[in-house]
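[1] next comes the sequence, and after it the predicted model I'd like to discuss.
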Amino acid sequence: MADQHAIPVTDSPVEQPTKKSRAGRNLPAAIAVGVVLGAVAIVVLFFAPKGWLPVLAVAMPIAIHELVRRLREAGYVLPVVPLLLGGQAMIWLTWPYGAAGLAGAYAGTIVVAMVWRLVGQGLSERPQNYLRDISATILIATWVPLFASFTALLVFQDHGGMRVFTVIATVVFADIGGYVAGVLFGKHLMVPAISPKKSWEGLAGSLVFGVTVAVLAATFLLDKPAWVGVPLGLMLVITGVLGDLVESQVKRDLGIKDMGTLLPGHGGLMDRIDAMLPSAVAGWIVLTLLA
């Protein structure tokens, strides 16, 4: 996800392309990609909610690949096959078995990955950097397929498609609100050591937009009291911002700007869904307990 709480940056009148916003984003491309992704989500979640599982089954391997590729560039040796197959198991086992299926698939993925990395180079060789590589493997398995599969759990609840759409819409509009407020009013840096373009004014914009959308969605899409949207919006905005910061720190550690180049104006798929992944967990918790 782009730095939605962006502090305006003075552009060079000669070298900066005019199509980029003051926050450095290729805004026309970003909008076009966002519209296409939003249209896909609306069609699936409104008209064929169980079709969300195939969407996840396609998107998650792409996100896993982006992370694995970047970590391999930094010297990590990762068990890719267990991550890819385990990710599919997490998604699809939510259909017959719900949260139990997800938990079992996640645990199984970690066990297989640990053994795979241990013997992957042969039993006669001592694995190098085993702890580092397994730690990164567990991070990927948790961050991508596990977190994403919480939206699969939501799909099978009452008004499941609307619940997933509510989570996505809240995070997206929080991003938009943070971006607009950050560009127009951003002056006070929030976490300059991690993301030097985020501002407290941008966070305020995210909260206003995010909570507003969550309240409207709870009222008109989920047929719940409006107050349900307040804790939902707060949780989604907070986890979304923290998710964005987590990816920013990972990229900073790796010395890269984007995880990939798949989505013009956004970077890689992980750059687009970094805030949504932890928010999927928060959304499942709030909507399961309160709605």
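    It's in. Numbering: from 1, shown residues only.
[2] what's next to stretch 69-82, contact-wise?
    Outside of stretch 69-82, the residues that reach it under the criterion CB atoms under 8 Å, 6 or more residues apart in numbering are 64, 68, 109, 112-113, 116-117, 120, 128-129, 132-133, 136-137, 140, 254, 256, 259-260. Every C-beta, even on glycine, is put in place using the N, C-alpha and C of the backbone.
[3] can you show me the strands along the protein?
    189-191, 195-199 (DSSP state E).
[4] quick check: mean pLDDT of the longest one?
    Per-residue confidence for strand 195-199 averages out to 87 on the pLDDT scale.
[5] now that strand: buried residues?
    For strand 195-199, the neighbour count (16 or more other CB atoms under 10 Å) marks 195, 197-199 as buried.
[6] likewise for the shortest one?
    Neighbour counts over strand 189-191 (16+ other CB under 10 Å) mark Met190 as buried.
[7] elements contacting it?
    If contacts are counted by 3 or more CB pairs under 8 Å, 6 or more residues apart in numbering; DSSP states H and E, strand 189-191 sits against strand 195-199, helix 200-220.
[8] now the angle from the first one to helix 200-220?
    For strand 195-199 and helix 200-220, the angle between their directions (axes from the mean of the first three to the mean of the last three CA atoms, to 10 degrees) works out to 60 degrees.
[9] strand 195-199: how far from the chain's middle?
    Chain-centre distance of strand 195-199: 18 Å, with CA atoms, centre = their mean, to the nearest Å.
[10] same question for the last one.
    Helix 200-220 sits 18 Å away from the centroid of its parent chain (CA atoms, centre = their mean).
[11] quick one: contacts of it?
    Against helix 200-220 from outside (CB under 8 Å, 6+ apart): 4-6, 162, 165-166, 169-171, 173-182, 185-190, 224-226, 228-230, 232-234, 236-237, 240-241, 291.
[12] could the strands of the chain go into JSON lines alongside distance to Val77?
    Compiled in JSON lines, the strands of the chain are given as follows (distance: least, CB to CB, whole Å):
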{"stretch": "strand 189-191", "distance to Val77": "31"}
{"stretch": "strand 195-199", "distance to Val77": "29"}
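[13] which of those strands sits closest to Ala59?
    Proximity to Ala59 (CB to CB) singles out strand 195-199 among the strands of the chain, at 24.1 Å.
[14] which other helices and strands does the closest one contact?
    So strand 195-199, by 3+ CB pairs under 8 Å, 6+ apart, packs with helix 160-185, strand 189-191, helix 229-254.
[15] buried only: go through the contacts of stretch 69-82 for me.
    Neighbour-count burial (16+ other CB under 10 Å) applied to the contacts of stretch 69-82 gives 64, 68, 109, 112-113, 116-117, 133, 136-137, 140, 259-260.
[16] for Ala152, what are its contacts?
    Listed by CB under 8 Å, 6+ apart, the contact set of Ala152 reads 52-53, 56, 91, 94-95, 102.
[17] next one: the closest residue to Val246 other than its chain neighbours from Tyr179, what distance?
    Closest residue to Val246 apart from its sequence neighbours, by CB to CB, 6 or more residues apart in numbering: Asp274 at 7.1 Å. To Tyr179, Asp274 is 14 Å away according to CB to CB, to the nearest Å.
[18] what do you get for Ala152?
    Counting by CB to CB, the gap from Ala152 to Tyr179 is 28 Å.
[19] again with Pro49
    Distance of Pro49 to Tyr179, computed by CB to CB: 29 Å.
[20] the two: which is more packed in?
    Remark: of Pro49 and Tyr179, Tyr179 carries more neighbours, 26 against 20, as counted by other CB atoms under 10 Å.
[21] wait, isn't Met162 in contact with Ile42?
    No: contact between Met162 and Ile42 fails when scored by CB atoms under 8 Å: they sit 10.9 Å apart.
[22] shared neighbours of these two, anything?
    The contact sets of Met162 and Ile42 do not overlap (CB under 8 Å, 6+ apart).
[23] more neighbours: which of those two?
    Met162 (23 against 14).
[24] what residues are up against that one?
    Counting by CB under 8 Å, 6+ apart, Met162 touches 45-46, 217, 221-222.
[25] same deal with Met259?
    66-67, 70, 247, 251, 267-271.
[26] please report how far the residue nearest to Leu84 when sequence neighbours are not counted lies from Gly240.
    Nearest non-adjacent residue to Leu84, counting by CB to CB, 6+ apart: Pro61, 5.5 Å away. For Pro61, the distance to Gly240 (CB to CB) stands at 23 Å.
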